[in-house]
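Enquirer: Make a model of this:
(one chain, ligands or ions: 1)
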Amino acid sequence: MSKSSEISGFYKLSIEERVKLVKGFVGLTDEEAALLQKPSALSFDVANRMVENLIGVLPVPLGVAVNFLVNGKDLIVPMAIEEPSVIAAASNAAKIARKKGGFHTTSTDPIMIGQIQVVDVQDAHNARFEILARKEEILKKANDQDPVLVSLGGGALDLEVRIVETFLGKMVIAELLVDCRDAMGANAVNTMAEAVAPMIEEMSGGRVYLRIISNLAVKRLARAKAIFAKEELGGEEVVDGIVTAYAFAASDPFRCATHNKGIMNGVTAVVLATGNDTRAIEAGAHAYAARSGHYTSLTTWEKTAEGDLAGTLEMPMAVGLVGGATASNPIAKLAVKILGVKSARELAETIVSVGLAQNLAALRALAAEGIQRGHMSLHARNVAISVGATGHLIDQVAEQMVAERKVRVDRAKEILAKLSTS
Ligand code: NAD
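Expert: Numbers count the residues shown, from 1 in each chain. This next block holds a predicted model:
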């Protein structure tokens, strides 16, 4: 008889009791259950307050990318990621960028959009007019919710109202524009959107439904630029190759998804290392890439008059230094300290520099070397580990698989068995 996963009161159990229950449910061994409960730098006590139904903590490798020069400042960049090659590639691209002055960045103010959806409005344009006419009243109500944010120079700054055509008819969407200072801002903005909803409902004559932040943070953009010298890249043919690869991505969504994924390798790794919300950034990135209705590249690549390569990256970057896991995860706090950034904007600008570096590294590898070779040997090591290779056997199994061009679990098992008995 199969067991039911309908478990009421799971959250009331202690962590040990939860592990015991999961252990019994799936038949974990004592060793496996003990692994879940192994202590980490993020204590169970803290983690248990961060999410619900906690049974363990998943470690992710944390490395640092070196060589980063951002606006003339030398940085060591913490990156949390499970994928091999990414940190080395970012460091390498940053080294190339240094030769021409490193990364130069700008950003907008940290303004997020809070949406209030109004349905069943008889006269949408009239409602829009009425809401906008009482903007100051609405902004005051929003700002009353967060005196701390206002005292720091942030808060609700403006209100916009759009009429959106849907298959259920016209909807009136009021949008609060909130300067979130050094917070990512979702909680702050959601609280404001909820507080002003009854006023907006009354002014519109309709019914308010959703009151929620938008992750398409078009008013919270970070930008990075760098020049990569042709001789550092391997010649003008490589520059041309990168521009050609970029042209493909810019025009074809199948290529572009992977191109932008390469950017996000760097972006997400720093977002995660600093305890920020990776899903918020990823949702914003891809929605921004598709904002014209045609999904395209977040970066641009051009050849300069001197034949060098100029790259830019512009994307929404809703990251914070306060709130969320940034404040509760001790390793994330340490990562921010290592990075040495003092504001959310500075953090955002560093992250896009890493994204740009990552994209350069991937495009260069694709255009110049063929990405597969270097990647394969690292992948082979992971396959070797996954079948139980340890110590020097990891490299031996990996090397043989690469030499045979058979990087597969079944082959790894065979080689490991042979090496272990010889
Ligand atoms: P928060 O509410 O914990 O912190 C923000 C608050 O901190 C501000 O409202 C302000 O009162 C205070 N504050 C103190 N010092 C500040 C400073 N220097 N700058 C700005 N504010 C300062 O967190 P948050 O940033 O509002 O929300 C982030 C969390 O919301 C994340 O954990 C995220 O995962 C989560 N979240 C995201 C979404 C989404 O992206 N769609 C939705 C819901 C929740």
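
Enquirer: rest of the way, CA atoms for contacts and neighbours
Expert: OK.

Enquirer: Am I right that residue 315 is in a strand?
Expert: Yes. Counting by DSSP: H, G, I helix; E, B strand; the rest coil, residue 315 falls inside a strand.

Enquirer: Packing partners of the strand or helix carrying residue 351?
Expert: If you go by DSSP states H and E, residue 351 is part of helix 344-364. Here helix 344-364 touches helix 86-98, strand 104-107, strand 221-228, helix 236-251, helix 253-273, strand 309-316, going by 3 or more C-alpha pairs under 8 Å, 6 or more residues apart in numbering; DSSP states H and E.

Enquirer: Spell out which parts of the stretch 201-350 of the chain neighbour the ligand.
Expert: Neighbours of the ligand within the stretch 201-350 of the chain, by C-alpha under 6 Å from any ligand atom: 213, 215, 277, 280, 322, 323, 324, 325.

Enquirer: which one of the helices and strands packed on helix 344-364 has the lowest average pLDDT?
Expert: Of all the helices and strands packed on helix 344-364, mean pLDDT reaches its minimum on helix 236-251 (a mean of 95).

Enquirer: ok, back up a step: as TSV, the helices and strands packed on helix 344-364 with distance to residue 366 and mean neighbour count would be great.
Expert: Below are those laid out as TSV (distance: least, C-alpha to C-alpha, whole Å; neighbours: other C-alpha atoms under 10 Å):
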stretch	distance to residue 366	mean neighbour count
helix 86-98	12	23
strand 104-107	25	19
strand 221-228	16	25
helix 236-251	8	20
helix 253-273	11	22
strand 309-316	15	24
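
Enquirer: Same list (those) but as TSV, adding distance to residue 143.
Expert: Below are these laid out as TSV (distance: least, C-alpha to C-alpha, whole Å):
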stretch	distance to residue 143
helix 86-98	41
strand 104-107	24
strand 221-228	23
helix 236-251	41
helix 253-273	28
strand 309-316	24
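
Enquirer: Could you point out which of those sits nearest residue 167?
Expert: helix 253-273 (26.4 Å; C-alpha to C-alpha).

Enquirer: Send me the closest one as PDB with only the CA atoms.
Expert: Taking Å, rounded to 0.1, in the frame of the first residue of the first chain, the C-alpha atoms of helix 253-273 are listed here in PDB:
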ATOM      1  CA  PRO A 253      15.300  32.700 -29.400                       C
ATOM      2  CA  PHE A 254      16.600  29.100 -29.400                       C
ATOM      3  CA  ARG A 255      20.200  30.300 -29.400                       C
ATOM      4  CA  CYS A 256      19.300  33.300 -27.300                       C
ATOM      5  CA  ALA A 257      17.900  31.300 -24.300                       C
ATOM      6  CA  THR A 258      21.300  29.700 -24.000                       C
ATOM      7  CA  HIS A 259      23.200  32.900 -24.600                       C
ATOM      8  CA  ASN A 260      21.300  34.600 -21.800                       C
ATOM      9  CA  LYS A 261      21.600  31.500 -19.600                       C
ATOM     10  CA  GLY A 262      25.400  32.000 -19.900                       C
ATOM     11  CA  ILE A 263      25.000  35.600 -18.600                       C
ATOM     12  CA  MET A 264      22.800  34.300 -15.800                       C
ATOM     13  CA  ASN A 265      25.600  31.800 -14.800                       C
ATOM     14  CA  GLY A 266      27.500  34.800 -13.500                       C
ATOM     15  CA  VAL A 267      24.500  36.900 -12.400                       C
ATOM     16  CA  THR A 268      22.700  34.200 -10.400                       C
ATOM     17  CA  ALA A 269      25.900  33.000  -8.800                       C
ATOM     18  CA  VAL A 270      26.500  36.400  -7.200                       C
ATOM     19  CA  VAL A 271      22.800  36.900  -6.500                       C
ATOM     20  CA  LEU A 272      22.800  33.600  -4.600                       C
ATOM     21  CA  ALA A 273      26.100  34.200  -2.800                       C
END
